[in-house]
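Chemist: Show me how the following folds:
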Amino acid sequence: MDKTTFNSIRIITADIKRLVQFYESATGSAARWATDDFAEIVSENFTIAIGSMRTLVFFGAGIAEPSANKSVIIEFLVEDVDNEYMRIKDLIDEIVQEPTTMPWGNRSLLFRDPDGNLINFFTPLTVEAKKKFSVIKKN
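Modeler: Model (predicted):
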């Protein structure tokens, strides 16, 4: 393989059942459980791996800390961010930003998952933004 391919994002959590249930509801995709400590939510476009703290013993102590993220935003391209907001708003404990049109042409909803990780659901609105994500739709 001569190229690097992004495969998935893995989130380490202290409450795997809660976090898996949240992402199943937020994405509309069912999780595949490999063990009681590891599950994956796989779609055509993304994979979210969720591991309990017990999985860290395979990598070494102190490599990850649940609920400590302050620098990464997990982003999902959605067809209609306003509809998604209405669908999931009761699922969300902390809404950081209700759907807002950004200067670069996306409409964006920012919220936190139960562990405090920042999530962005966004929909391209402008022609330039739609071209970037190859989702030009008739308006």
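
Chemist: Against Gly62, how distant is the residue positioned nearest the centre of the chain?
Modeler: What sits nearest the mean C-alpha location of the chain, by Cα atoms, centre = their mean, is Ile74, with 4.4 Å. Counting by Cβ to Cβ, to the nearest Å, the separation of Ile74 from Gly62 is 23 Å. Quick note: C-beta positions are derived from backbone N, CA and C, even for glycine.

Chemist: Phe6: neighbour count?
Modeler: Here the number of neighbours of Phe6 (other Cβ atoms under 10 Å) works out to 7.

Chemist: Roughly how far does it sit from Asp80?
Modeler: 25 Å.

Chemist: can you check Phe22 too?
Modeler: 21 Å.

Chemist: Those two: which has the busier surroundings?
Modeler: Phe22 (22 against 14).

Chemist: these two touch, right, Asp37 and Phe58?
Modeler: No - between Asp37 and Phe58 there is no contact under Cβ atoms under 8 Å: 10.1 Å.

Chemist: Between those two, point out the one with more neighbours.
Modeler: Using other Cβ under 10 Å, the more surrounded residue of Asp37 and Phe58 is Asp37, with 15 against 8.
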